[in-house]
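**Student:** I would like to see how this sequence folds:
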Amino acid sequence: MTGVHQQIIGQGDKRVGHLTLDAPKTLNSLTRDMVELMTEALEAWRDDPSIAAIFIDGSGEKAFCAGGDVQALRNSCIENPGGPCDYAENFFAREYRMNYLLHTCPKPVVCWGHGVVMGGGLGILAGCSHRVVSERTRIGMPEVTIALFPDVGGSWFLNKMPGQVGRFLALTAAHINAADALFCGLGTIFLAHEQKQAVLDRLAETLWTDDATTNAELVDEALATPATTDLPAPQLEPALDTINALMAGNDLKEISNRLLDSRDEESWIGKACNGFAHGSKLAASWIFRQLNESAGRTLEQVFQSELILGTNIMRHPEFSEGVRALLVDKDRNPQWSYLQVADVPDDVLDGFFETPKEMPSLNLPA
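**Tutor:** Numbers count the residues shown, from 1 in each chain. The predicted structure is shown next:
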């Protein structure tokens with residue numbers, strides 16, 4: 001089992017490359033081998049004049065991709081406390097290369113973001129030119145709950161969202177639906193999941209050209225069909241003023257106090273604030289700083305800074321403890337290093353942003 005299936009669809013001298021994440025038992029969670037296979041296919045198809053467009057989806061009905069295999073990352077960290085953590089660190093470096101290929105691909109790339117789309121899955125979705133969301137799309141950035149951060153470009157696309165939505169999603173691990181994804185720019189079109197095969201059939205029948213811009217318009221046409229189901233009720237847009245008020249300013253201590261004061265199991269906002277309350281306060285601190293420092297950076301600069309932060313996180317025990325509590329022992333009782341963001345020492349936080357020794361090269365494609 002490779003975890004990635006690839007095929008070419010269509011007829012004639014120009015066709016469509018179709019990549020399917022094929023590990024449904026783990027909600028198509030990414031392994032290093034899967035990332036390698038995707039990278040090889042994307043590089044080949046980018047340079048192949050017979051491939052006019054690319055389509056990426058996930059196997060099964062539950063998820064496009066639930067993210068990286070964090071238990072494998074944790075095992076790498078435990079085996080090499082303090083690092084270097086070869087598997088984990090190289091996983092991130094290779095994942096960034098794959099995501100950079102998506103962001104910079106000169107050809108139209110469709111991602112069918114049905115079901116669970118989290119972590120590395122969201123990184124893939126965000127890198128594609130055409131981002132389909134469905135009636136069961138459930139997007140989240142739960143990294144604060146396991147002491148990670150919204151990586152593989154989160155520092156890039158979160159900063160482009162309306163108001164303070166990106167900051168809110170990163171700090172609270174709130175889940176959003178298709179309507180919210182369209183509002184904040186993660187989705188570009190809403191279709192029912194049952195329409196996927198019809199879209200694939202139209203793409204297979206399309207008469208492609210030699211011009212990438214024209215081919216992107218042809219993809220638009222293939223996707224331009226009324227959804228056969230209703231769009232879910234929005235959560236983000238009606239709460240935008242509240243979100244902006246909660247996230248106002250650049251003092252994380254004040255923001256933390258507002259979030260903790262707003263915990264309420266009865267509302268979507270309240271549940272999101274509970275996500276922050278139960279998450280790592282050390283992680284909240286590096287998430288907040290990473291987002292602030294990434295504003296205005298190029299995509300390449302963002303990826304480089306994220307790789308530095310991710311490498312340092314892999315070498316610190318907070319991440320392993322977060323994964324243990326949530327996914328291994330499942331006691332949901334992580335023993336975090338600090339109880340409040342005010343307790344995080346400046347020098348400790350600074351250390352996560354310093355280039356570590358023996359870290360893997362980003363090695364982005366030209």
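
**Student:** ok, residue 157 touching residue 124?
**Tutor:** No - applying CB atoms under 8 Å, one finds residue 157 not in contact with residue 124, separated by 11.8 Å. For glycine as for every other residue, the C-beta is placed from the backbone atoms N, C-alpha and C.

**Student:** Between these two, point out the one with more neighbours.
**Tutor:** Higher neighbour count among residue 157 and residue 124: residue 124, with 30 against 22, using other CB atoms under 10 Å.

**Student:** Quick check: closest non-adjacent residue to residue 167.
**Tutor:** If the residues on either side of it in the chain are set aside, residue 167 comes closest to residue 247, at 4.7 Å by CB to CB, 6 or more residues apart in numbering.

**Student:** need the contact list for the one you found.
**Tutor:** Applying CB atoms under 8 Å, 6 or more residues apart in numbering to residue 247 gives the contacts 163, 164, 167, 168, 171, 255.

**Student:** Compute the first-to-last residue distance for stretch 238-253.
**Tutor:** 26 Å (CA to CA, to the nearest Å).

**Student:** Tell me how far residue 354 lies from residue 4.
**Tutor:** Going from residue 354 to residue 4 by CB to CB, to the nearest Å gives 35 Å.

**Student:** Throw the contacts of residue 247 into JSON lines and include secondary structure, thanks.
**Tutor:** Output for the contacts of residue 247, formatted as JSON lines (DSSP: H, G, I helix; E, B strand; the rest coil):
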{"residue": "163", "secondary structure": "coil"}
{"residue": "164", "secondary structure": "coil"}
{"residue": "167", "secondary structure": "helix"}
{"residue": "168", "secondary structure": "helix"}
{"residue": "171", "secondary structure": "helix"}
{"residue": "255", "secondary structure": "helix"}
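
**Student:** Tell me how many other residues crowd residue 254.
**Tutor:** When neighbours are defined as other CB under 10 Å, residue 254 has 12 of them.

**Student:** can you tell me the helix or strand for it?
**Tutor:** Assigned by DSSP states H and E, residue 254 belongs to helix 252-261.

**Student:** and residue 130, how many neighbours?
**Tutor:** Residues near residue 130, counting by other CB under 10 Å, number 20.

**Student:** Got phi/psi on it?
**Tutor:** Main-chain torsions, residue 130, degrees, to the nearest 10: phi -120, psi 110.

**Student:** Please tell me how far it sits from residue 229.
**Tutor:** Distance of residue 130 to residue 229, given as CB to CB: 19 Å.

**Student:** Also residue 68?
**Tutor:** 30 Å.

**Student:** How about residue 290?
**Tutor:** Distance of residue 290 to residue 229, computed by CB to CB: 37 Å.

**Student:** For the strand or helix carrying residue 217, output the C-alpha coordinates as CSV.
**Tutor:** Assigned by DSSP H and E, residue 217 falls within helix 212-223. What follows is helix 212-223, C-alpha atoms only, in CSV (Å, rounded to 0.1, in the frame of the first residue of the first chain):
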residue,chain,number,x,y,z
ALA,A,212,-2.4,27.6,-19.1
THR,A,213,-4.7,30.6,-18.7
THR,A,214,-7.2,29.2,-21.2
ASN,A,215,-7.0,25.8,-19.5
ALA,A,216,-7.8,27.4,-16.2
GLU,A,217,-10.9,28.9,-17.7
LEU,A,218,-11.8,25.5,-19.0
VAL,A,219,-11.6,24.1,-15.5
ASP,A,220,-13.8,27.0,-14.3
GLU,A,221,-16.4,25.8,-16.9
ALA,A,222,-16.2,22.2,-15.8
LEU,A,223,-16.9,23.3,-12.2
